[in-house]
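Have a look at this prediction, sequence included:
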Amino acid sequence: MEPRGLRVLLFQKMRGVWVARGLEHDLAVEGRSLESVVDSIHRLVNAHVDFDRRHGRAPLSPFPAAPSRYWQAFERAEPLTVPNRLVRANHSSGPS
């Protein structure tokens, strides 16, 4: 089963600290810039998907959905188009 995609909430936790949080599968990373968290969440997701495939599991199946407060924040958030330079083409796919 191929992953269908992962919606990600991006927000600034505090000055100088950005967070990327997966919704369908609760994965999170922090970094000092928007660019760094986009890159980090992308690498984290791909590493877990690759691991799951090697072990015959559905991609990201060990990770349940994020808590509802992140889904609610996502619904209120403004859409962000991530520039292609931040997402490597050779791979698949603030609340308080």
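Received the coordinates, thanks. Numbers count the residues shown, from 1 in each chain.

rest of the way, CA atoms for contacts and neighbours
Fine.

Quick check: His48 vs Arg21, distance?
15 Å (C-alpha to C-alpha, to the nearest Å).

do Val45 as well
Noted for Val45: a distance of 11 Å to Arg21, by C-alpha to C-alpha.

again, but for Tyr70
Following C-alpha to C-alpha, the distance that separates Tyr70 from Arg21 is 8 Å.

now Leu27
Counting by C-alpha to C-alpha, the gap from Leu27 to Arg21 is 6 Å.

and if you look at His42?
Counting by C-alpha to C-alpha - His42 and Arg21 are separated by 11 Å.

And the two? Which one has more around it.
Using other C-alpha atoms under 10 Å as the criterion, His42 and Arg21 rank with Arg21 on top: 25 against 19.

How about the secondary structure of Ala58?
Judged by DSSP: H, G, I helix; E, B strand; the rest coil, the three-state class of Ala58 is coil.

ok, now Gln12?
With three-state DSSP as the criterion, Gln12 reads strand.

Now do the strands in the chain.
Taking DSSP state E to define them, one finds strands in the chain at 8-14, 17-22, 28-31.

The first one: partners in the sheet, and parallel or antiparallel?
Taking DSSP bridges as the criterion, strand 8-14 pairs within the sheet with strand 17-22 (antiparallel).

Would you mark the buried spots in the strand it pairs with?
Judged by neighbour count (16 or more other C-alpha atoms under 10 Å), strand 17-22 contains these buried residues: 18-22.
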